[in-house]
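Colleague: need a structure here:
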Amino acid sequence: MLPVKNFTDFIEQNNLFKPDSKILAAVSGGMDSVLMVHLLKAAEYNFGIAHCNFQLRGDEAIADQQFVKQLAAQLNIPFHAIDFDTKKYAADKKISIQMAARDLRYQWFAQVSQQANYDVISLAHHQNDAIETILLNLTRGTGVAGLHGILPRNGSIVRPLLFLKRDEIQDIVTANGLAYVEDSSNSSVKYARNKIRLEVVPKLKELNPALEKTFEQNLKHFRGLETLLDQKLAELKKSIFIIHQDELHLSIEEIKKLHPQSLLLFGLLQEYGFNESTVDDIISALDKHSGRIFESTDFTLILDREKLILSKKHERLNDVVRIDEGQHEVNYNNYRLNILHDDSALIIRDNPLAVSVDSDLLIYPLTLRHWQQSDHFYPLGMKTRQKLSDFFIHQKIPLHEKTLIPLLVNGNGEIIWIGGYRPDERYKVSKKTKKVTIFELYKI
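Modeller: Numbering: from 1, shown residues only. This next block holds a predicted model:
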């Protein structure tokens, strides 16, 4: 007899889906997914079956697909199937076969769900899978989230068999005479998860025969702790994160007050792609000189004087834009530069985005580019040379903004103007000036 009541109770208690939901069941043909299919059918849910052939096991994989197709036909259930070139995908993406298979199936499940209007995707993970996931996460290194194991629901993914252990599934399938197929790769210890299931867990059960029950209790504690941590992080984000245009600013003074500091700062920065090792480096740098840059895949974090500046990485900027004599307009990243020639000695005042220079001193072609570490100039009104790096510090310009400032450079390599900030003393309009060139920047 199938445990239909326990099955529906677990679904209701964990709010996995409603009685009238449309469910896409991922079915390999193995014992676990076959039981899930029969339970969904017995509970009279509206569902379809999805099967992936990763083309990794030759004829065996073809036989599995045929078995699942026949099962769907026997139960009069909609059937969806796909063949993947998993090895090619893994090679193209430079990832493992296991990761490739995972990516491919989840992408396809989402696609089928959207096309056929399924509400949730049902996977046949059970309690032992949750144990193996925790042990696997611990061996690889994990945050608190890695200790909660497999959740009954994660977005549109649901796992309605998490109330059962592997041995219980075996007993139910045997008692009800349910046919299923065996995946020969499940017995290979070359895969990390199989090694844990076949070699590590049996040793742990020698120490604690009630390992599943112990882990079930631990999972409740871990999930409770994770909930408390999430609540604390939500409160901290409201008090520590300051939105400034397209950036987030985090007060260094407030970060120093965090306790435990590493755990909480990692929790705040994890969603932006920063790992625990980088967070430890950030903490170590808090009392040192500003200007240190930390990067994740998509974000940059800069240690400024009193704050951390978190911003999304910009697309690759143009390094150099050429300006030929006679040109009246050029584009440089997010700016348009207009060029006006005037016979009168016109001086632009009170507009930091425009400058007048002595035309006779210009050597074409000119260039627009971003700053380089060795750059220097003679600030207007000064007779001494100054490094741009020092000028930016005096202007309190954050490091990540320096590369966005356009520099107008003469054909001899000298800087004519730091766009939006300061022209060079050597190119100013004087009493001897006969002709003026006006450069004006516009943000686009």
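
Colleague: burial check on residue 133, number of neighbours?
Modeller: Neighbourhood size, residue 133 [other CB atoms under 10 Å]: 19. Where C-beta positions appear, they are placed from N, C-alpha and C, glycine not excepted.

Colleague: go on, residue 11?
Modeller: Using other CB under 10 Å: residue 11 sits among 25 other residues.

Colleague: next, it: secondary structure please.
Modeller: Classification of residue 11 by DSSP: H, G, I helix; E, B strand; the rest coil places it in helix.

Colleague: leaving out sequence neighbours, find the closest residue to it.
Modeller: residue 160 (5.2 Å; CB to CB, 6 or more residues apart in numbering).

Colleague: isn't that neighbour right next to residue 16, touching?
Modeller: Yes: counting by CB atoms under 8 Å, residue 160 touches residue 16, with 5.7 Å between them.

Colleague: can you report how many residues neighbour the residue nearest to residue 11?
Modeller: 28.

Colleague: how about low-confidence regions in the stretch 301-444 of the chain?
Modeller: Applying pLDDT under 70 to the stretch 301-444 of the chain picks out residues 314-318, 343-350, 399-400.

Colleague: about what we covered before: residues in contact with the residue nearest to residue 11?
Modeller: 7, 10-11, 16, 36, 39-40, 122, 152 (CB atoms under 8 Å, 6 or more residues apart in numbering).

Colleague: follow-up on the earlier one: what do residue 160 and residue 16 both touch?
Modeller: In contact with both residue 160 and residue 16: 10, 152, using CB under 8 Å, 6+ apart.

Colleague: next, residue 52: secondary structure please.
Modeller: Residue 52 - assigned by three-state DSSP - is strand.

Colleague: hmm, I was thinking of residue 18
Modeller: Recorded secondary structure, residue 18: coil (three-state DSSP).

Colleague: report the contact partners of it.
Modeller: Here residue 18 is in contact with residue 119 (CB under 8 Å, 6+ apart).

Colleague: what's the closest non-adjacent residue to the residue nearest the centre of the chain?
Modeller: Taking CA atoms, centre = their mean as the criterion, residue 273 is the residue nearest the geometric centre of the chain, at 5.5 Å. With CB to CB, 6+ apart as the criterion, residue 273 has its nearest non-adjacent residue at 3.1 Å, and that residue is residue 296.

Colleague: state the distance from the one you found to residue 246.
Modeller: 16 Å (CB to CB, to the nearest Å).

Colleague: do residue 268 as well
Modeller: Distance, residue 268 to residue 246, by CB to CB: 18 Å.

Colleague: again, but for residue 319
Modeller: Taken as CB to CB, the span from residue 319 to residue 246 is 23 Å.

Colleague: can I get the CA coordinates of stretch 71-89 in CSV?
Modeller: Only the C-alpha atoms of stretch 71-89 are listed here, as CSV (Å, rounded to 0.1, in the frame of the first residue of the first chain):
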residue,chain,number,x,y,z
LEU,A,71,5.3,4.3,-17.7
ALA,A,72,3.8,7.6,-18.8
ALA,A,73,1.7,5.9,-21.5
GLN,A,74,0.6,3.2,-19.0
LEU,A,75,-0.6,5.9,-16.5
ASN,A,76,-1.9,8.1,-19.3
ILE,A,77,0.4,11.0,-18.3
PRO,A,78,1.9,13.6,-20.6
PHE,A,79,5.5,12.8,-21.5
HIS,A,80,8.3,15.2,-22.3
ALA,A,81,11.8,14.0,-23.3
ILE,A,82,15.1,15.4,-24.6
ASP,A,83,18.5,14.2,-25.6
PHE,A,84,21.6,16.3,-24.5
ASP,A,85,25.1,16.3,-25.9
THR,A,86,26.4,16.6,-22.3
LYS,A,87,30.1,16.0,-23.1
LYS,A,88,30.1,18.8,-25.7
TYR,A,89,28.3,21.2,-23.4
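
Colleague: mind listing what's buried in it?
Modeller: Of the residues in stretch 71-89, 71-72, 77, 79-82, 84, 86, 89 count as buried by neighbour count, 16 or more other CB atoms under 10 Å.

Colleague: these in helices, which ones?
Modeller: 71-72, 86, 89 (DSSP state H).

Colleague: and the residues you listed, which is closest to residue 169?
Modeller: Nearest to residue 169 among those is residue 71, at 16.5 Å by CB to CB.

Colleague: OK, contacts around the residue nearest to the closest one when sequence neighbours are not counted?
Modeller: In space, and not counting its chain neighbours, residue 71 is closest to residue 37: 6.6 Å by CB to CB, 6+ apart. Residues near residue 37 by CB under 8 Å, 6+ apart: 25, 27, 49, 71, 75, 77.

Colleague: neighbouring contacts of the helix or strand where residue 202 lies?
Modeller: For residue 202, the host element (DSSP states H and E) is helix 201-207. By CB under 8 Å, 6+ apart, the surrounding residues in contact with helix 201-207 are 128, 131-132, 135, 211.

Colleague: centre of the chain to that helix, how far?
Modeller: Relative to its chain's centre, helix 201-207 lies at 36 Å (CA atoms, centre = their mean, to the nearest Å).

Colleague: state the mean pLDDT of that helix.
Modeller: Mean per-residue pLDDT for helix 201-207: 91.

Colleague: residue contacts, residue 31?
Modeller: Here residue 31 is in contact with 169-170, 173, 178, 180 (criterion: CB under 8 Å, 6+ apart).

Colleague: just the buried residues of those.
Modeller: Here, 16+ other CB under 10 Å leaves 169, 173, 180 buried among the contacts of residue 31.

Colleague: point out where the stretch 101-250 of the chain drops to low pLDDT.
Modeller: The stretch 101-250 of the chain contains residues with pLDDT under 70 at 141-146, 184-185, 187-190.
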